[in-house]
Structure formats: C-alpha cells, structure tokens
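Novice: Take a look and give me a structure for this.
(2 chains, ligands or ions: 3)
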Amino acid sequence: MSDYNFAYLDEQTKRMIRRAILKGLAIPGYQVPFASREMPMPYGWGTGGVQVSAATLTPEDTLKVIDQGADDTTNAVSIRKFFERTAGVATTEETEKASIIQTRHRIPEADLREDQILVYQVPIPEPLRFLEPRETETRKMHALEEYGLMHVKLYEDISQHGAIATSYAYPVKVEGRYVMDPSPIPKFDNPKMEMAAIQLFGAGREQRIYAVPPYTKVVSLDFEDYPFEATKAEHPCDLCAAEDSYLDEVILDDQGGRMFVCSDTDYCRTRREAGHVGRLGTETPLQTGPEAA
Amino acid sequence: MHPLLKVNNIKKMYGHRIGCTDVSFDLYPGEVMGIVGESGSGKSTLLNCLAGHLETDGGEVIFDTLDRGPVDTLKMSEPERRMLGRTDWAFVHQHARDGLRMSVSAGGNIGERLMAVGDRHYGNIRDRAIDWLDRVEIDESRVDDRPTAFSGGMQQRLQIARNLVTGPRLVFMDEPTGGLDVSVQARLLDLLRGLVREMGLSAIIVTHDLAVVRLLADRLMVMKSGHVVETGLTDQVLDDPQHAYTQLLVSSVLQV
Ligand SMILES: Nc1ncnc2c1ncn2[C@@H]1O[C@H](COP(=O)(O)OP(=O)(O)OP(=O)(O)O)[C@@H](O)[C@H]1O
Ligand SMILES: [Mg+2]
Ligand SMILES: [Zn+2]
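Specialist: Residues are numbered from 1 along each chain as shown, chains lettered A, B, ... in the order given. Ligands and ions are numbered 1, 2, ... in the order given. Predicted structure coming up:
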C-alpha cells in the first residue's frame, strides 16, 4: 500500500492544476499563475513539470521522461521512478509508445501525435525578465502586447555577436498574440512546436503554467535581415547517420577524438535497429550502460 | 491653428498638501513652454500629471491626436496612454538612469522605440541609432557600449537621442540639464537648442535654471507653492517681471 494519493498530489491540488492547464490551453502562451506545491525533490529538478504530469496522468497512461533527449540521465531516471512508485503507471523509453512525455531541454525528433502530451520543465517562464525585472511591468507588457523589448534583446545579440546568438530558450510568438519562452530547448526544436500533440509547460519555483494547443501557430522572433534559423551541428549522426536530428558532441579521448550523436537516444536506437549505420556505428545496435561490458 | 495641448485646471493634492492647482495653458505646435520656480513649487508634479505618470485630482489634458483629433488623455485607457507614451510623446528624465536601460547598449537604447513601433530591420535600426548618436555628438564607435561606461553628460545626450529618434510630437523634459557640471550643461543646452530648432519640437521643459528657459523656451510659466503666479513670453517675463516672486527669482539669478 502506498501512503500517497495517485501520482503523489491530492485530488484537490490536481484539480487546481488542471484548471490552470485548461486556462493555459484556452489562452495559448499566456502564463497562468498556480499554487505550486512542495515536491519531494529540489526545484532545479523540474518540480513544475512533475506537478503538471501528476495532474495529467491517468492509470492507463504510459510515461516517458527525457532529459537533454536521453532517458537514462539521473534527472530523467529519478522522475520516472517517482511516478512508477507513486502512480504505478507503465513507463517506456520509446517515444512512439508514450502517451505522456515529460521533457527537459528537448523535443523528441519523431513527430508527436494527437493522442500524446508533451510536458516541459521550465526554469524561467518570463521571456521579458532579461531586460525588465519588474513583474508588474512585464505583466502589463504582455497584456498590452508591448513586445518591442524582445527585439531589443535580439538586437543586442546581433550587435555583440554578429548574429542572433541565442541558441536556447529562443523566444516565440504564439498564435500571433503572446510571446513565450519555450523553456531551454535548442532553437533547432522551435519549428517542431507547431505539432499535433498538446504541449504543457510547468515552472515550479516561479509558479506558472502555460500551454500550446495542437496545431497552434508558433513563430520564432527575428529580424527581416537576420531571419530565424533552426541550426544544428553540420554533421550526420556518427552512430545512425541521421542528417535531420539534433546532435550532441561527445569527446572520445584526450587526443581530440570526438563524435556527434543524436541527443534523442530513442530516435538514434530506432534508426540503428532499422539498419542505419553511421561513421562510427556498428551493424548491431550499440549496448549502453553497465551491462554492455 | 489648434493647440497641440490644451491644459485645463490641473490639480494634484498630496493628502492635504497642494502639489499643484489651477494650472491652465495652451501649447501650440512648435512651441516650447518653460516651467520655472523654486524647489518644491510643484514643477515636477505638474509635468508628471501632464504626461500621465501621476494621477490628477481634477482637470483636463487635451492632446490633438493624429487619428482622433483633440482627446482628453487623462480619460484615455491605460493601453491608449502607454501607446501615446511610446509614439507621439517622449519624456526626458532629470536622471538619465531613470530614462535609460543601463544594461542595454547605446544602440539598443536608441533602437528600442523604433522596435516598439514595429521596425524589424536590424540594419535600418542600427543606421538610425548611429545617425542619432552623431546628432547628439557621441562618437559612433560607442554604439555598442553600455551607458554605464558613459559620462553624465553623454548619458543625458543618449537619453535625448533615445527619446527623439521616433520624431515625437510632444516632448516633456524634467530638469534636462540638472545635476551636470556647468560646462557640460552649456554644451547640452546648445545641443538641445539646435534640435529644437531643427526638428521644430513642441516641448514642455521644467527647470529652476533661468538660463535654460532663456535659451530654449518661447513662453514661460512661473510657479510658486503649486500655483502659477505669472505667464508670458520668455523675454517679457524675464526682462520685465510683474509678480513680486518672479522679480525675486530673476534678481537672485542676476546676482549670481
Ligand atoms: N510623492 C509625494 N508625496 C507627498 N508630497 C509630495 C510628493 N511629491 C512631491 N511632494 C510635494 O509636493 C510639492 C511639489 O513638489 P515637486 O516635486 O513637484 O516640486 P518641484 O518644483 O519639482 O521641485 P524641485 O525643483 O526640487 O524638483 C512639494 O511640497 C513636495 O514636497
Ligand atoms: Mg522637480
Ligand atoms: Zn543517431
């Protein structure tokens, strides 16, 4: 017997969070305040995403948790275990099989479907904070659509670096109305946000929830003469030869040897199982983890 | 010709104390109105009431808008008034740091109003920022420096550039030369006079420095204890003051 209610939070709290989620879906990109609860993990660990997942999970769901695209990082593993223990739901590493995917820093490469929900962990929900620290003022700016300041930030980027150097948490305008921080995903992922799945964003410490409904228009801000580009390393994956996936650089030795591999580990594995082989790949899927030895 | 701004019976109380009261005047396009008076006479209070930064306890501030003609700005909704504040109106603060974004480069500071009204061409924004740096006599090599690296006089000139870049139809200035060294004041004043002439600016300038209004203002309003005690053409008021208080004000300056 568990000492907890299903998915840890009590029903009343979940109802409160669901109301915030529904409001968020009704006003795409708008930050809805909610009464964030203490969770049995530190704030940096995605307590906002965890609360949104907890309020969204049903016993029939299959949960996938990724951190930087991988299912096996400490953060992802502990959140997955948390829900295995408190909700007893099935978990998976396969994007395809998951009905709810909680993520930190990435959107899966595979196209998501209408019957899936993507939950983002958000550290700082306010895209205007960088230049305007006063919350009373940023709230007004959102209400009145005063978004010139967002472009000041991009202007500063170009004037300092010769190009828009913002490569993570790249600001977007949702459905022609609210400017939103997409959480620290690489800007490579921004175009994927126009997707079939529901996207929910939870910021625990900052007590905000926001959402992007399916098939919503999401536009990355830019200048006419410095258009947005969804860049990634100019390289195919060294394991699965994918040319269209976001890559992590892995240092192999202290002689400067390195490789580029898909940051989405499930995508890479699925491709290798389908027979794709990269520069450093082997015919059979690479085993990882302690069992590999 | 219609007045650009028509001010009727503005009143502002701080509890039982008068901030300013019974203030009425018209400002015509291309005109510069100076507001002078000793410290605490209500100059800033009045200016902030006119600019919509302070809530008034009565009166009207009727501005001749481009699209709707004369509108009482005190009855505008907040979104309308804020829109006015970043398009047709500009406000130059006494302390440059109140009117600048200190963590943003000089170019970004000047470009902000352009971006706020929808300019989305980086090259264009930057060219205009550089042009404006030039107009306020700041070397264009400083375009990427932050105002924290600027002297007080440069900061004030940058604040002026940032406000004038969109060609506002009305500029409010609160002690634009206050707090600067005398030599720096003279240069700024010279620059302001050039800009006022060149752009045909309509402006309301608050100062306790009569040299400032002598150079910049067409007309003058003298305030004491929240009341206007004398108004008139600048030269007339300064050379032939009627009210005893103005006489005192003028003579004390002449003695300096
Ligand atoms: N926020 C406030 N609360 C209460 N009284 C105020 C406030 N601001 C100003 N006052 C008072 O209102 C009067 C007018 O002040 P104001 O700042 O408008 O004067 P000023 O002419 O701009 O003076 P200065 O030349 O020193 O800037 C003064 O008596 C001042 O003490
Ligand atoms: Mg003052
Ligand atoms: Zn791969």
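Novice: Quick check: chain neighbours aside, which residue is closest to the residue in the stretch 51-200 of chain A positioned nearest to ligand 3?
Specialist: Closest approach between the stretch 51-200 of chain A and ligand 3, counting by CB to the ion: A:Glu109, at 8.9 Å. For glycine as for every other residue, the C-beta is placed from the backbone atoms N, C-alpha and C. Closest residue in space to A:Glu109, ignoring its immediate chain neighbours: A:Tyr267 at 4.1 Å, by CB to CB, 6 or more residues apart in numbering or on different chains.
Novice: what sits against that neighbour?
Specialist: By CB atoms under 8 Å, 6 or more residues apart in numbering or on different chains, the contact list for A:Tyr267 reads A:95, A:108-110, A:240, A:242, A:245.
Novice: These in helices, which ones?
Specialist: Residues from these lying in helices, with DSSP state H as the criterion: none.
Novice: Just the buried residues of those residues.
Specialist: Neighbour-count burial (16 or more other CB atoms under 10 Å in any protein chain shown) is assigned, among the contacts of A:Tyr267, to A:95, A:108-109, A:240, A:242, A:245.
Novice: related to what we said a few turns ago, secondary structure element holding the residue nearest to A:Glu109?
Specialist: According to DSSP states H and E, A:Tyr267 maps onto helix A:265-273.
Novice: Which residue comes closest to residue 207 once chain neighbours are left out?
Specialist: I'll assume chain A. A:Ser36 is the one closest to A:Gln207 (CB to CB, 6+ apart), at 4.3 Å.
Novice: My question was about chain B, not that one.
Specialist: B:Glu175 is the one closest to B:Thr207 (CB to CB, 6+ apart), at 5.5 Å.
Novice: So what pairs up with residue 63 in the strands?
Specialist: Picked chain A for this. A:Leu63 forms beta bridges with A:Thr91, A:Ile100, as assigned by DSSP bridges.
Novice: my bad, chain B
Specialist: B:Leu5, B:Val71.
Novice: Those residues of the stretch 101-250 of chain A touching chain B, which are they?
Specialist: Contacts of the stretch 101-250 of chain A with chain B, taken as CB under 8 Å from any CB of the partner chain, map to A:131, A:140, A:143-144, A:146, A:148-149, A:151-152, A:155-156, A:158-160, A:222-226.
Novice: of those, buried ones?
Specialist: A:131, A:146, A:148-149, A:151-152, A:155-156, A:158-159, A:222-223, A:226.
Novice: All the strands of the stretch 1-150 of chain A, in order from the start?
Specialist: Assigned strands in the stretch 1-150 of chain A, in chain order: A:32-33, A:62-67, A:90-91, A:100-104, A:117-121 (criterion: DSSP state E, counting those that start in this stretch).
Novice: Ok, the stretch 1-150 of chain B next?
Specialist: Along the stretch 1-150 of chain B, the stretches classed as strands by DSSP E, counting those that start in this stretch are B:5-14, B:17-27, B:32-36, B:60-65, B:69-72, B:89-92.
Novice: List the contacts of residue 160.
Specialist: In the absence of a named chain, this looks at chain A. A:Gln160 touches B:105, B:144, counting by CB under 8 Å, 6+ apart.
Novice: actually it's chain B I care about, not the one you picked
Specialist: B:Ile160 neighbours (CB under 8 Å, 6+ apart): B:92, B:136, B:176, B:191-192, B:195.
Novice: In CSV: the residues you listed, plus neighbour count and distance to ligand 1.
Specialist: As requested, the contacts of B:Ile160 are arranged in CSV below (neighbours: other CB atoms under 10 Å in any protein chain shown; distance: CB to the nearest ligand atom, whole Å):
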residue, neighbour count, distance to ligand 1
B:Val92, 23, 14
B:Val136, 22, 24
B:Pro176, 28, 13
B:Leu191, 17, 22
B:Leu192, 26, 19
B:Leu195, 19, 23
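Novice: Up against ligand 1, what does the stretch 151-256 of chain B have?
Specialist: B:His208 (CB under 6 Å from any ligand atom).
Novice: Which parts of the stretch 151-256 of chain B are strands?
Specialist: B:170-174, B:203-206, B:219-224, B:227-233.
Novice: I'd like the distance from the third one to the chain centre, please.
Specialist: Think strand B:219-224. Centroid displacement of strand B:219-224 relative to its chain, using CA atoms, centre = their mean, to the nearest Å, is 15 Å.
Novice: just checking, what packs against it?
Specialist: strand B:17-27, strand B:32-36, strand B:227-233, helix B:234-239, helix B:244-255 (3 or more CB pairs under 8 Å, 6 or more residues apart in numbering or on different chains; DSSP states H and E).
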